[in-house]
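[1] from the sequence below, what's the structure:
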Amino acid sequence: MVGSTHWLASAVGMRTLEAGGNAFDAAVAAGFTLSVVEPHLNGPGGDVPVIGHRASDGRTFVVCGQGTAPAAATPLAFAALGVDVVPGTGHLAAVVPGAFGAWLDLLARHGTMTLAEVLAPAIGYARDGYPLVPAAARTIATVADMFTEHWPTSAEVYLTAGGAPEAGSRFANPALAATFERLVAEAQAAGPDREAQIEAARRAFYEGFVAEAVDAFVSGTPVVDATGSAHAGFLRGDDMAAWRASEEPTVSVPFAGVEVHKTAAWGQGPVLLQQLRLLDALGVEDLVREVVTAERQGLVAVGPTTELVHLVTEAAKLAFADRDAWYGDSGDIPLDALLSPAYAAERARLVGAEADGGYRPGSPDGREPVLPRALVEARAEAEGGTPGSTGGAPGGGLGEPTVSPIGLSPGDTCHVDVVDRWGNRVSATPSGGWLQSSPVVPGLGFALPTRAQMFWLEPGLPSSLVPGTRPRTTLSPAMVLGAGGAGFAFGTPGGDQQDQWTVPFLLRHLVGGADLQAAIDGASWHSTHVHGSFHPRTHTPRGLAAESRLGAEVLAALAARGHAVQDAGPWTLGRISAAGVRADGLLEAAANPRGMQGYAVGR
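    This is a model prediction of the structure:
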């Protein structure tokens, strides 16, 4: 079974399983397809973390496809350019493109098919065309003037003679198809051995013609970015040649009788685990069951729902404050303490009956948190204003990404989950290389990742810019493992909201007993009090975005508690998918109905 954010990717994944491939083959094929059909949300030059579970030996692992900062990208180098914040678009924000290498690593270590087999559907859609989803068409239209005036390589790929393509129109990217075909040809030239072929394609990308094209473009062609000026970038072919996708352990906590697995704190994944620990300490089980029981009857349990949304929101504020203070790729993260029941119990005592307007990271192991100066200043500026009066662009983070005319985006993405007949499972969240945020590399048909915008140029922080380190990404695949081989892969697009939207989903399913689809379909919400990870890192004090299906009485009761409630509409928040094995051994999958784009398929 396959669930993903695009029907074509789900169909391609299922096609791969039907052809005899395993879950890892199917995830790679679906992932490459997503890089073609959702170019506003990801690309082959983007980033992807993957969580896999191998049924044969019960091993659960992370493949890290998050590229690192270039060797020349230092705070001093930015200062020399007069830049004090890494811009959200253009060459300066480029890190090593990790997605292609991660997909190849997953295929080589755990798959069974050749690169030519898993790339064939993506090549076909790039060469022959596919129906362009409305969000992609809107994104291209929004940045069309920038493409015309400043990024001609992007205009060549995405604009037609009449301007931006229409939603639903047949769209093709022949340059990307040619890049993929050349990579397959390089692979096949290495001989019949499958793994040798995959390695040959990896070298062609990271040391061969792709790296050469990236180096020449980034170093030799300054492009206008979010600063309003044109800059060349720091990324070079040597940075790409020195990088490889890595495989590492997951981080997990027990919750509701299962183990929930995420990436380590170089990504934001553990923030979900912290929230689950907090909710355990707050004792929300009876509330969840009462809410789910009412939802099954088509009712709204006003009091319990209000209390549950309030507690989940307050837990998120505390956990995300810890994320801002402690997470990064510094190697000195007190993760065991952050995820301990004792720390959660201590933090849970900070949750009151009213919406908290503070910014309160904790002190795990007695260590004092150090927050980015810009976030502290933003909070100080917001103090004294009315709730919801400061920070974020209206509607930011509500469903599909909000994109500005200069390409700034809050960082939406896509997702795919796969389970095969043997019980292997994959959860992957490919992102980055967005068409709107970085210009197309000439001759390649794809853009570079702009994930360096998540670094701080201020030194001494866990997520400060250091060459060779990973930006603290928002990408957050997940895996639930239960007894007897049961469990499921799950995840969602949504930047900072990824590890908020999945909380009510998990509560409904694991605690309330709702099936996967009902848990996905349930009304959702998230805190916008949380600082955004993307330039310009906005927030809304006490902000709470909530779907109207929670009920007018609930939204009013939340506002009475001090939350700055934004009615997000009935079906807008979250695009979760999931796939796994039930306790009775049957396979299951589900996908999000919001946006009429996600799709689950299986047999």
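
[2] could you tell me the end-to-end distance of stretch 543-562?
    Chord length of stretch 543-562, first to last residue, is 9 Å (C-alpha to C-alpha, to the nearest Å).

[3] can you give me the helices in the stretch 51-200 of the chain?
    All helices of the stretch 51-200 of the chain, identified by DSSP state H, counting those that start in this stretch, fall at 75-80, 99-110, 115-128, 134-149, 152-158, 174-188, 194-206.

[4] regarding the protein, what is its longest helix?
    For the chain, the helix with the greatest residue count under DSSP state H is helix 302-326.

[5] quick one: average pLDDT of it?
    Here helix 302-326 scores 98 as its mean pLDDT.

[6] and what of stretch 145-160?
    For stretch 145-160, mean pLDDT is 96.

[7] could you do stretch 31-43 as well?
    The predicted model assigns stretch 31-43 a mean pLDDT of 97.

[8] who's the nearest residue to Thr313 once chain neighbours are set aside bridged to?
    Distance criterion C-beta to C-beta, 6 or more residues apart in numbering; nearest residue to Thr313, sequence neighbours excluded, is Ser527 at 4.9 Å. Where C-beta positions appear, they are placed from N, C-alpha and C, glycine not excepted. For Ser527, the beta-bridge partners are Leu544 (DSSP bridges).

[9] re the thing from before, can you say which of the helices of the stretch 51-200 of the chain is packed in most?
    helix 99-110 (a mean of 25; mean count of other C-beta atoms under 10 Å).

[10] return it as PDB; C-alpha atoms alone will do.
    Taking C-alpha atoms only, helix 99-110 is exported to PDB below (Å, rounded to 0.1, in the frame of the first residue of the first chain):
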ATOM      1  CA  ALA A  99      17.600  14.300  -2.100                       C
ATOM      2  CA  PHE A 100      19.100  12.500  -5.100                       C
ATOM      3  CA  GLY A 101      21.900  10.900  -3.000                       C
ATOM      4  CA  ALA A 102      19.500   9.800  -0.300                       C
ATOM      5  CA  TRP A 103      17.100   8.100  -2.800                       C
ATOM      6  CA  LEU A 104      20.100   6.300  -4.300                       C
ATOM      7  CA  ASP A 105      21.400   5.300  -0.900                       C
ATOM      8  CA  LEU A 106      18.000   3.800   0.000                       C
ATOM      9  CA  LEU A 107      17.800   2.000  -3.300                       C
ATOM     10  CA  ALA A 108      21.300   0.500  -3.100                       C
ATOM     11  CA  ARG A 109      21.200  -0.600   0.500                       C
ATOM     12  CA  HIS A 110      17.600  -1.800   0.800                       C
END
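
[11] hmm, Arg236 is touching Pro70, no?
    Yes. Using C-beta atoms under 8 Å, Arg236 is in contact with Pro70, at 6.4 Å.

[12] looking at those two, which one has more neighbours?
    Of the pair Arg236 and Pro70, Pro70 is the one with more neighbours under other C-beta atoms under 10 Å, namely 24 against 19.

[13] returning to what we had before: distance from the next helix or strand after the longest helix of the chain to the middle of the chain?
    Tracing the chain C-terminally past helix 302-326 and defining elements by DSSP states H and E, one meets helix 335-338 next. Relative to the chain's own centre, helix 335-338 is displaced by 23 Å; criterion: C-alpha atoms, centre = their mean, to the nearest Å.

[14] what residues sit buried inside helix 335-338?
    Using 16 or more other C-beta atoms under 10 Å as the test for burial, helix 335-338 gives 335, 337-338.

[15] surely Leu104 touches Leu119?
    No. Between Leu104 and Leu119 there is no contact under C-beta under 8 Å: 10.3 Å.

[16] go through the helices of the stretch 51-200 of the chain and name the closest to Gly468.
    Gly468 sits nearest to helix 75-80 of all those, at 14.0 Å, using C-beta to C-beta.

[17] list the contacts of the closest one.
    84, 86, 92, 234, 457-459, 464-465 (C-beta atoms under 8 Å, 6 or more residues apart in numbering).

[18] sorry, back to before: now pLDDT and distance to Phe490 too, for the buried residues of helix 335-338, in JSON lines please.
    Below are the buried residues of helix 335-338 laid out as JSON lines (pLDDT from 0 to 100; distance: C-beta to C-beta, whole Å):
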{"residue": "Leu335", "pLDDT": "97", "distance to Phe490": "22"}
{"residue": "Ala337", "pLDDT": "98", "distance to Phe490": "26"}
{"residue": "Leu338", "pLDDT": "98", "distance to Phe490": "22"}
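
[19] nearest to His415, of these?
    Closest to His415, out of all of the buried residues of helix 335-338 and judged by C-beta to C-beta, is Leu335, at 24.0 Å.

[20] wait, doesn't that closest one sit right on Ala265?
    Yes. Counting by C-beta under 8 Å, Ala265 is a contact partner of Leu335 at 5.4 Å.

[21] now do the lowest-mean-pLDDT helix or strand in the chain and helix 302-326, the angle between them.
    Least confident helix or strand of the chain, by mean pLDDT, DSSP states H and E, is helix 373-382 with a mean of 82. Per axes from the mean of the first three to the mean of the last three C-alpha atoms, to 10 degrees, the angle that helix 373-382 makes with helix 302-326 is 140 degrees.
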